[in-house]
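Novice: coordinates for the following, if possible.
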Amino acid sequence: MKDFNNKVAVITGAGSGIGRALAIQLSTQGCHLALADINRAGLDETKTLLRSDVTVSLHCVDVANWQAMQLFASDVVSQHGQVNLLINNAGVALGALFKDASLEDMRWVMDINYWGVVYGCKAFGPIMAQSERGCIVNVSSVFGLFTVPTQTAYCSSKFAVRGFTDALRHEAEFLGKDMHIACAFPSGIKTSIAKNARRTAVEQSPEEAEEALAKTEAWFWTTADEAASDILTGVRKRKVRIKVGKGSNVMDYLSRLLPVKFSLFLRP
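Specialist: The predicted structure is shown next:
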């Protein structure tokens, strides 16, 4: 998809961060938008930043709810008539050692990060099959390429997104469908995902927790705008693996070169 003008894009997690930046950049290129987020106030704020001459619909949706996602897809068709680009971007994080993480919190991460992507593809796939040369981008993470301590739930969900997306792409090729299916791997993006993460603290004091968060955010080298630009460039070039952010290519290369020992370099 080289031109976004007069296309219709669906973006989840559009109330902030990368999702908002994607919406802004697509609107400047004349793309009509169906924006979803569980945070209605965030969606309203995103809309104020968009061009006024594109059609924008806002949908307060929990991507982990299959019935809600079905209704979302139906509403998008009613309001826009078609879908050309789907970006499954909504995501959450959990910081906890596996021994301390509750199963409830781990399911919460998987329901949003993985099942939200599956539901998006399942709900919008049949609609997009009617569009000429449609594109699906599922947002994983560099933590879908390698693993680190305290991220068992998050890494599991992002590896699952990566595997699902690869298999879905192979199925599209097997069926002879001209559908571009890509997986994006953001690395250290300056958003609120770490600050909003659920945590089971290994630290013993609020001060130590703040210090740990600051150390994590020190790895966030890339702005949401830069991340969105990387994703849309990947869409234009029909890449199937879209590296997002400063250092993502290096991390991908090293994780392949040293698949077992690479994570040792990332430990505090």
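
Novice: quickly list what residue 86 is bridged to.
Specialist: Taking DSSP bridges as the rule, residue 86 bridges to residue 10, residue 136.

Novice: could you do the one 10 residues further on as well?
Specialist: Residues found in beta-bridge contact with residue 96 (criterion: DSSP bridges) are residue 151.

Novice: next, count neighbours for it.
Specialist: Other residues within reach of residue 96 by the criterion other CB atoms under 10 Å amount to 22. The C-beta positions use only the backbone N, C-alpha and C, and glycine is treated the same way.

Novice: please apply the same query to residue 228.
Specialist: Here the number of neighbours of residue 228 (other CB under 10 Å) works out to 25.

Novice: then residue 177?
Specialist: Burial measure for residue 177: 15 neighbouring residues, criterion other CB under 10 Å.

Novice: does it lie in a helix or a strand, and which?
Specialist: Secondary structure assigned from DSSP states H and E places residue 177 in neither a helix nor a strand.

Novice: quick one: contacts for the residue nearest in space to the middle of the chain?
Specialist: Central residue of the chain (CA atoms, centre = their mean): residue 89, 2.6 Å from the mean position. Going by CB atoms under 8 Å, 6 or more residues apart in numbering, residue 89 touches 11, 12, 13, 14, 18, 19, 22, 137, 139.

Novice: and if you look at residue 180?
Specialist: 1, 133, 134, 135, 136, 235, 238, 240.

Novice: and the strands in the stretch 51-200 of the chain?
Specialist: Listed in chain order, the strands found in the stretch 51-200 of the chain under DSSP state E, counting those that start in this stretch are 56-60, 85-88, 94-95, 135-139, 180-186, 189-190, 198-199.

Novice: tabulate the contacts of residue 89 (JSON lines), appending pLDDT and distance to residue 174.
Specialist: Converted to JSON lines, the contacts of residue 89 look like this (pLDDT from 0 to 100; distance: CB to CB, whole Å):
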{"residue": "11", "pLDDT": "98", "distance to residue 174": "28"}
{"residue": "12", "pLDDT": "98", "distance to residue 174": "26"}
{"residue": "13", "pLDDT": "97", "distance to residue 174": "30"}
{"residue": "14", "pLDDT": "98", "distance to residue 174": "32"}
{"residue": "18", "pLDDT": "95", "distance to residue 174": "30"}
{"residue": "19", "pLDDT": "97", "distance to residue 174": "31"}
{"residue": "22", "pLDDT": "98", "distance to residue 174": "29"}
{"residue": "137", "pLDDT": "98", "distance to residue 174": "20"}
{"residue": "139", "pLDDT": "98", "distance to residue 174": "24"}
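
Novice: out of those residues, who's nearest residue 42?
Specialist: residue 14 (7.9 Å; CB to CB).

Novice: the closest one belongs to a helix, doesn't it?
Specialist: No: assessed with DSSP: H, G, I helix; E, B strand; the rest coil, residue 14 is coil; it does not lie in a helix.

Novice: pull the number of nearby residues for it.
Specialist: 31.

Novice: gap between the residue nearest to the centre of the chain and residue 48?
Specialist: Noted for residue 89: a distance of 20 Å to residue 48, by CB to CB, to the nearest Å.

Novice: try residue 226
Specialist: Residue 226 sits 22 Å away from residue 48, going by CB to CB.

Novice: equivalent analysis for residue 66, please.
Specialist: Residue 66 sits at a distance of 31 Å from residue 48 (criterion: CB to CB).

Novice: with neighbour numbers in mind, choose between these two.
Specialist: A side-by-side neighbour count of residue 66 and residue 48, using other CB under 10 Å, places residue 66 first with 15 against 7.

Novice: how far away is the more buried one from residue 9?
Specialist: With distances taken as CB to CB, residue 66 is found 22 Å from residue 9.

Novice: what do you get for residue 238?
Specialist: Using CB to CB, one obtains 16 Å as the distance from residue 238 to residue 9.
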